[in-house]
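Visitor: The following block contains a protein sequence and its predicted model.
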Amino acid sequence: MRRRTFISAALATTGAVLLPAARASSAFAASVIPQSGADPVVVNQAATTDNITVLMATAAQYLSDMQVVGGDSRKNFYVDNFLTSSDYLAWTVSVAAGATYQVTALVNTSAGEQLTVAVQGTSSSSTFTAPAGWNRVSAGTLALPSGTSTIVLSRDTLAHDIYVKSIELLRVSDVSAYNSRVSAARADTTWLSEAGYGLMFQYGSWGFPNNVGPAKPLNQQAADFNVSAFVDMVTATGAAYVIWSISWWGYHLDAPLSSPDSIVTAEGGPASPGLTATRDLIGAIASACQAAGIRFMMYYHTGDEDSAWWPYQDWPATFATNGTGDRSTFFNNWIEVVSEIGTRYGTNLDGFFFDDGMVLYYPAAYEQLHAAARSGNPERLVSWNNWVLPRVTDFQDVWFGEGSAGQSQTGSAAAGGNGVFTSGPYQGLLQHGMFTMDGDWGVHTQDTKIATNSGMTSSAAIGWATSAVSRRVPISFDLMMYEDGTVAASDLAILNDVRQAVRGSAPSVPTGTTTVNDTGSGITYNGSWTYASGRNAGDYDNDVHWTATNGNSFSYTFTGTGIDVIGPKSNVSALFSVTIDGAAIGQFSQYAATYTPQTVLYGARNLAPGSHTVTVSKVSGSYLQLDALRIVPNPTMLNDTDASITYAGTWTHGANRNAGDYDNDVHWTATNGDSATITFTGTGIDYIGPMETGDGTANVILDGVQVGTTQASYSGPYTPQQFLYQVRGLAAGSHTLKLAKTGGSYLQIDAFQIWP
């Protein structure tokens, strides 16, 4: 889940030239890169599981005019610049007993390219044709004689460059048993195929707050996270599942696992590595999600960029360049950690998404890893990130789908299908897509601001979601999230629209709304509309406006963060379209089998505070009817002098400081234990204050429960109007927030922002 930069470099050396079969008369100007690693590669004929032999292209013998694609000191990619009839890849292998092997080539070609795989010096060869792009291509069979022999991959057509990741060998007599094991290992993906969409969060100890300050220490970050507010936010989006990152930009985990620290200690690291949190934040989120009917899955990164973890995995330096080296320490540690995670969370953990499957893990004993990933839950879904390459292994259930929005592609199930690929590079896996809503996958650098205009639109998101749902393909919206669990309002606005289009459920009604009847003077009706009053049908103010003409519309300009379009649903109504501020949102339905008055037909939420214009147009059905509009007001800013704030202790009011504070003043105290309490009505609150070197810490108590801490000290200059605590998604009504000073020189309060 990182942006990758690639460098292609020929690894030049000298050595004896091995010629492809039937090309012995050719002359070569290029030198030969000898086979790397084991030579010969011993094919294990005794294994009954994990018995695929992988021959890596980067470990093969090849000519120096070909290239290894690299650019990362840990990951292995592929060979390219495979351009001419003289180019080849060759592997010397050894088998104890002669046998016939099924050959699968992981290649990227233009459509119709022909390649030949052959056993040097024998009559055993197979010519195969590859489709366009990266694929697992059935390359026929080869008869390997007992002892040592050489397998050569060459090309017969020369249209374009060919990229090669590997060839895989599976003894023909083992194929049936292998397929049976794959079938038995596959979990039931029905629940995920019917989920529609979910949310993904690359959130963890690497995160930062929505201000200029530093990240909290691991234990404080885990302790302060408001689980109930997070689950309420997810519930409001209509998401059916959450994918949570236990590791990503670091390997300091929000869970009291024992294996990471013990592994580092055993490998000669510090006695107290501090890689795990005291609070089981992940367990709390998993349990709360499941209790709310939201499935919980986990994204796992290897931690290869965390200096407190990665050096103790004994990663071989040769792997990136030629795919060789002993990775047993890494895999043994992986199995230990993943097994502990799986056992700890049991059936609360519905799935694992493992990143870098094709460039860091491959080749691997995937059957063994799959069993570890299922620890504690035999029905847990497993997915390996193949990046742009074909599927990593058959021992998984779901296509990772990084960067995909679930669009139909080669092998996708048709509308009404079960979402499983029927052919192509991901055959047999449930299709899935995951993509970013913002400028990155997560917040991982100080002073990051989540983009509020990332290019994502409601119209596009609804289009992706409705298309994917029709084919039972789940898609995962990745949201950047601040350290305190808040996300961009623009993301929530889009997900609010997706929920209405996919689930058909209207948003909840916050406090402080204003209702405008259909006769309101600010409503502009375009086209032929009829006013009907005195119908005694339960409508608001006993009247509606209606039109029977497709294309007719009404518009209304309002000030606020949301609006509800209210009307009756009935069996003579159908589709209407919505635009906000000129941007198309999507189409929604006014249909119901029975007349249902005063129904929210569409509700916008989480708009940027300010002026907006909504336009609703008739698309189909006999009538479009408008009964009323309900306006969600802007948040309210309360200065530190507001009467709703109660200060306890020795507080000082500092006015006219000309430091950039809201309303040019603050309240401050230097005494630990002093507090400020505000009672408000709404669904969220922001505590706003300055940050500077001398500022301190405070406990945050919401409705009588401590929900976190604030930290206003950082190493930079005085910076006013910073978000020091934020919470959204509270139940509409009255709430009390208390801030109690616990440390540092000063606790300063500038303002509060109340969300209706």
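Guide: Thanks, I have the structure now.
Visitor: So which residues of the stretch 201-350 of the chain form strands?
Guide: In the stretch 201-350 of the chain, the strands defined using DSSP state E, counting those that start in this stretch lie at 241-245, 295-300.
Visitor: export the ones you listed to TSV and tack on distance to Ala222, mean neighbour count and mean pLDDT?
Guide: C-beta coordinates here come from the backbone N, C-alpha and C atoms, glycine included. Converted to TSV, the strands of the stretch 201-350 of the chain look like this (distance: least, CB to CB, whole Å; neighbours: other CB atoms under 10 Å; pLDDT from 0 to 100):
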stretch	distance to Ala222	mean neighbour count	mean pLDDT
strand 241-245	13	24	98
strand 295-300	16	23	98
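Visitor: Nearest approach to Asn517 belongs to which of those strands?
Guide: strand 241-245 (40.4 Å; CB to CB).
Visitor: Now do the closest one against strand 295-300, angle only.
Guide: Strand 241-245 and strand 295-300 are oriented at 20 degrees to each other (axes from the mean of the first three to the mean of the last three CA atoms, to 10 degrees).
Visitor: for strand 241-245, packing partners?
Guide: Packing partners of strand 241-245 (3 or more CB pairs under 8 Å, 6 or more residues apart in numbering; DSSP states H and E): strand 197-201, helix 281-291, strand 295-300.
Visitor: Try it again at 10 Å.
Guide: strand 197-201, helix 227-237, helix 281-291, strand 295-300, strand 351-354, strand 475-478 (3 or more CB pairs under 10 Å, 6 or more residues apart in numbering; DSSP states H and E).
Visitor: now these as JSON lines including distance to Ile494?
Guide: Below are the helices and strands packed on strand 241-245 laid out as JSON lines (distance: least, CB to CB, whole Å):
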{"stretch": "strand 197-201", "distance to Ile494": "11"}
{"stretch": "helix 227-237", "distance to Ile494": "9"}
{"stretch": "helix 281-291", "distance to Ile494": "21"}
{"stretch": "strand 295-300", "distance to Ile494": "21"}
{"stretch": "strand 351-354", "distance to Ile494": "22"}
{"stretch": "strand 475-478", "distance to Ile494": "8"}
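Visitor: Ok, which of these comes nearest Pro507?
Guide: Using CB to CB, those put helix 227-237 closest to Pro507, at 7.2 Å.
Visitor: What's the mean pLDDT across the helix or strand hosting Gln500?
Guide: Following DSSP states H and E, one finds Gln500 within helix 489-502. When pLDDT is averaged along helix 489-502, the result is 97.
Visitor: before we move on, what about stretch 425-441?
Guide: When pLDDT is averaged over stretch 425-441, the result is 97.
Visitor: So which bits of it are buried?
Guide: 425-438, 440-441 (16 or more other CB atoms under 10 Å).
Visitor: Off-centre distance for that stretch?
Guide: 8 Å (CA atoms, centre = their mean, to the nearest Å).
Visitor: Can you give me the pLDDT of the residue nearest to Ala222 when sequence neighbours are not counted?
Guide: With CB to CB, 6 or more residues apart in numbering as the criterion, Ala222 has its nearest non-adjacent residue at 3.9 Å, and that residue is Ala277. pLDDT recorded at Ala277 is 98.
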